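> Here is my input, please return the structure:
(2 chains)
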Amino acid sequence: MIYFMVPRKIQWVILLAASCFFYLCSGVKIIFFLLFSTATTFLAALMLGRLSADQKLKMNQLSSDEKKLVNELFKKKKRLVVVAALLLNFGLLFILKYYGFVAESLQAALSMVTDSFSIPQIGILLPLGISFYIFQSTGYVIDVYRGKYEPDKNPFKFALFVWFFPQIVQGPIGRHDKLAHQLYSPHRFDADKMKYGLQLILWGYFKKLVIADRAAVVVNQIFGNYTDYSGAIIFFGVFMYSIQIYCDFSGGIDIARGIAQGSGIELAENFRRPYFATSLSDFWRRWHITLGSWMRDYLFYPISLSKPFVKLGRKARKRFPGRTGKILPTSIATFIVFFVIGLWHGGNWKYVFFGLYNGVIITFSLIYEPTYQRICDRLHINRESKSWYAFRILRTLAIVTVGRYFTRGNDLVTALLMIKRTILYFGTGSMTAATISTFGLSNSDWAVLIVSVMVMIAAGVLEERGGNVRVELEKRKPILQIAVIVIAIIVLTAFGIFREGYIASEFIYRQF
Amino acid sequence: MDKILQILSELRPDVDFTKVDNLVEDEVIDSFDLVALVGELCDAFDVEIGVEDLVPENFNSVQSIWNLIQVIQEGR
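Below you'll find the model as predicted:
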C-alpha cells in the first residue's frame, strides 16, 4: 500500500528498500555475496557498454580494412570483461556451493593412494537465493555483451533488478529486458491487478500449505523408512514427492508472482502444467521454465554454435548423412546441459546422476525418434488418438517420477537402493489400511489431500484445453468472485496455516 | 528463399512452412531444430550465424531467416 501512496517517481525506491529489508532480515553476513554479485555484474556491463560506444566512435573514422582489425580488438576486450565477470560470479558460486563436494570427492580419490594429504574444508552456509540471483545477473551481463540492450546506468535501479524481494528466494530468474523497465516505471493502483495478485497468492498458498505440506508427511515417512515398505509403496512415496515438489515450488512461484502482480509487475512464468507433458523434453519446457531458458540461451546455444561443435556438426553430417549426422552435436550439447542442470541443484553425486538420467533419456529419444515412429506404425498405433495422448502423459510422469528417486533420496547410494527395492520387492506388500496408517496422515487429511489434488488437476485440464480459471471466474457475478476468495481463505486457514501439529515448511527450492 | 524452405522442410517434414509464421514463439520449431537449422544454413549459404543472432525475431518465418542471411552476407 505504501508503494501506491508515495510519489510515483520514487516507487522503485520503496521496492528497493523493501527488498533490502527482506534480505537483511534473513541475515546480515550473507548480504556481502549479494552485493558482490550486483557490483561485479553492474560494473562489467557498464564497461561493456563503454567499449561498445568507443568501438562505434572509432569505426566512423576508419577504412574498411582497419575496421576489421579494430573490431577484433574490441571483441577481445569485451570477451575479457564478460569472462572476468562470469569467473568472479560462478567462482563464488562454486566455492559456496560445490567446494565441499569437490573437496570430499577428491579426498575420497586421494585416500586410495595416500592418507597423508588432507584437503581443507570450509564451512559457509549457502546464502539465500544465490543460484537465482547469480544466474539472473550473469544473464544480464551476457545480454549486454551480445548487444541485446544497453547497460543500466543507475546502480541502485540495477540493484532492484537483482534484489527484487518476491523473486530472490527461488526465482523466477528474470530477464532484464522483460523485468527491469517494469520495476523502474511508475504504477497506478489497479484494483483488477490487485485482485489477480491476491487470487494467485491464495492459489500458491493452497498448493503449498494444503497439498505440499500434507504430501510431505507421507514422503518423509516413506523415504525415511523405505526398508519397511514394498517396492510399490516406495514408488507411491516417490510419486507423492512429485506432487509435493510441484506444489511446493510452483506454489512459491505463484505467491511471488502474485505479490509482484499486485504492484503491477509481471514476473516470468515458471511452470506450464508440467505433469501434462507428453515427453521428457516437453516436461523440461514446462518445468522451471526460467532455468531451462537460461540454460538454452546461455549454455546450449553457445556450446552448439561454438567452433568445435560447428566443425563436429559438419563432419557428422558428412560421415552420417541423414538424421544422425544432423542431431549428433545437438545431442552432445543436450547431454552437457543436463549434466549442468543436475549440478545446479547442488554439489552431490545424486544430482549428477539426476542430470545424466535426464540427459540420457532425452538424447536417446532424439536419436531414436524415427525408430519409435516405425514401431508405432507397425503396431498400428493411432498417434492422434486420445488414448495415445493419455499414455504419453502417464509415461512421461513415470519417467519424471523415477528421476525423483535421485533428487529426494538422501544420497546416490540410498536412491539406487530404493530403486533396487522398488524393482525386486514391488509386490511384496499391499496398500492396506494398516500400511496407510503408518504414513502419518489421518483419514480427514487424506480426504483433504485427494480433493485438493483433484481440484488442481481439474484446473490443469481446463487450462490445457485453452481455458483459464481466472477468466472463467471473471465471467461470474462479483458476489460469486468474492465468495470464491472468501472460501479460499477459509480453506487455507482451516486446512493450511493454523492446522494443529503442522509447521509451514520452508520452500524446498530455496536451498538451491 | 526456396533453399531455406527446402532445408526447413527436410528438418521438419510435418510442417508446411509456407503457411506458418511465428515459428519460434509458437514453438513450431524448438531449440534442437533451431541449432540443426543454423548448421544447415551456415553450410548452404556459407555464412556464420552467431549465438547473438538466435533471437525469435530472426527465425520466426522464412522471410525473417532470409533477411538475417542477407544482413550477414552484406557484412552487417
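> Just the residues contacting whichever helix in chain B runs longest, thanks.
Ordering each helix of chain B by length in residues (DSSP state H) puts helix B:31-45 first. Defining contact as Cβ atoms under 8 Å, 6 or more residues apart in numbering or on different chains, one finds that helix B:31-45 is touched by A:281, A:296, A:300-301, A:304-305, A:310, A:313-314, A:317, A:326-327, A:329-330, A:333-334, A:366, B:3-4, B:7-8, B:10-12, B:24, B:29, B:47-49, B:54, B:59, B:65, B:69, B:73. From N, CA and C alone the C-beta is placed, and that goes for glycine too.
> List the buried residues in that helix.
B:31-42, B:45 (16 or more other Cβ atoms under 10 Å in any protein chain shown).
> Then stretch A:6-21?
Buried residues in stretch A:6-21, defined by neighbour count with 16+ other Cβ under 10 Å: A:11-12, A:14-16, A:18-20.
> In a markdown table: those residues, plus distance to residue A:79.
Conversion of the buried residues of stretch A:6-21 to a markdown table gives the following (distance: Cβ to Cβ, whole Å):
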| residue | distance to residue A:79 |
| --- | --- |
| A:11 | 38 |
| A:12 | 32 |
| A:14 | 38 |
| A:15 | 34 |
| A:16 | 32 |
| A:18 | 37 |
| A:19 | 32 |
| A:20 | 34 |
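> Residue A:266 touches residue A:260, doesn't it?
Yes - assessed by Cβ atoms under 8 Å, residue A:266 is found in contact with residue A:260 at 7.0 Å.
> On the three-state scheme, residue A:381 is what?
Under DSSP: H, G, I helix; E, B strand; the rest coil, residue A:381 falls in the coil class.
> again but with residue A:128, I slipped
Of the three states, residue A:128 takes coil under three-state DSSP.
> Now the next helix or strand after the longest helix of chain B: average pLDDT?
Where DSSP states H and E defines the elements, the next helix or strand beyond helix B:31-45 is helix B:56-59. The average pLDDT within helix B:56-59 is 88.
> Can you name the residues in contact with helix B:56-59?
Counting by Cβ under 8 Å, 6+ apart, B:23-25, B:29, B:34, B:37, B:64-65, B:67-68 sit against helix B:56-59.
> what's the closest of those residues to chain A?
Among these, residue B:34 lies closest to chain A (Cβ to the nearest Cβ), at 8.1 Å.
> Kindly report the residues of chain A close to chain B.
A:146-148, A:281, A:285, A:296-297, A:300-302, A:304-305, A:310, A:313-314, A:317, A:326-327, A:329-330, A:333-334, A:366 (Cβ under 8 Å from any Cβ of the partner chain).
> Spatially nearest residue to residue A:335, not counting backbone neighbours?
Counting by Cβ to Cβ, 6 or more residues apart in numbering or on different chains, residue A:359 is the residue found nearest to residue A:335 once chain neighbours are left out, at 4.3 Å.
> Next, count neighbours for residue A:217.
When neighbours are counted by other Cβ atoms under 10 Å in any protein chain shown, residue A:217 registers 18.
> Quick one: the strands in the stretch 151-300 of chain A, in order.
Ranges of strands in the stretch 151-300 of chain A, per DSSP state E, counting those that start in this stretch: none exist.
> Indicate the residue of it located nearest to chain B.
residue A:296 (5.1 Å).
> can you tell me which residues contact that residue?
Neighbouring residues of residue A:296 by Cβ under 8 Å, 6+ apart: A:337, B:31.
> Report the separation between it and residue B:26.
Residue A:296 is 17 Å from residue B:26, where distance means Cβ to Cβ, to the nearest Å.
> Equivalent analysis for residue A:423, please.
Residue A:423 is 41 Å from residue B:26, where distance means Cβ to Cβ.
> now swap in residue A:40 and tell me
37 Å.
> quick one, which of those two is more surrounded?
When neighbours are counted by other Cβ under 10 Å, residue A:40 and residue B:26 differ, and residue A:40 comes out ahead with 21 against 11.
> Spatially nearest residue to that one (excluding sequence neighbours)?
Nearest non-adjacent residue to residue A:40, counting by Cβ to Cβ, 6+ apart: residue A:88, 4.9 Å away.
> my guess is that neighbour meets residue A:39, correct?
No - contact criterion Cβ under 8 Å: residue A:88 and residue A:39 do not qualify, at 9.7 Å.
> immediately after the helix or strand encompassing residue A:19, which helix or strand?
Secondary structure from DSSP H and E places residue A:19 in helix A:11-25. Helices and strands here follow DSSP H and E; after helix A:11-25, the next one along the chain is helix A:31-59.
> Give me the pLDDT value at residue 33.
Since you didn't name a chain, this refers to chain A. pLDDT, residue A:33: 89.
> my question was about chain B
On the pLDDT scale, residue B:33 is placed at 85.
> and the helix or strand that contains residue A:462, how far from the chain's centre?
Per DSSP H and E, residue A:462 falls inside helix A:443-464. Chain-centre distance of helix A:443-464: 23 Å, with Cα atoms, centre = their mean, to the nearest Å.
> With just CA atoms, put the helix or strand just after that helix into PDB.
Using DSSP H and E, the helix or strand that follows helix A:443-464 in sequence is helix A:469-474. Output of helix A:469-474 as PDB, limited to C-alpha atoms (Å, rounded to 0.1, in the frame of the first residue of the first chain):
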ATOM      1  CA  VAL A 469      -9.600 -20.300 -14.300                       C
ATOM      2  CA  ARG A 470      -9.300 -16.600 -13.700                       C
ATOM      3  CA  VAL A 471     -11.200 -15.700 -17.000                       C
ATOM      4  CA  GLU A 472     -13.900 -18.200 -16.100                       C
ATOM      5  CA  LEU A 473     -14.200 -16.600 -12.600                       C
ATOM      6  CA  GLU A 474     -14.200 -13.200 -14.100                       C
END
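> Which elements pack onto helix A:469-474?
The criterion is 3 or more Cβ pairs under 8 Å, 6 or more residues apart in numbering or on different chains; DSSP states H and E, and the helices and strands that helix A:469-474 contacts are helix A:191-205, helix A:443-464, helix A:478-492.
> Check what contacts the longest one and list those residues.
In this structure, residues lying in contact with helix A:443-464 by Cβ under 8 Å, 6+ apart are A:206-207, A:210-211, A:214-215, A:217, A:243, A:247, A:273, A:275-276, A:436, A:441, A:468-469, A:472, A:495.
> what about residue A:382, neighbour count?
Residue neighbour count, defined by other Cβ under 10 Å, stands at 9 for residue A:382.
> Could you do the one 10 residues further on as well?
Applying other Cβ under 10 Å, we find 15 residues neighbouring residue A:392.
> Residue A:286 versus the residue lying closest to residue A:248 once chain neighbours are set aside, what's the distance?
Sequence neighbours aside, residue A:212 is the residue nearest to residue A:248 in space, at 4.0 Å (criterion: Cβ to Cβ, 6+ apart). Distance of residue A:212 to residue A:286, given as Cβ to Cβ: 18 Å.
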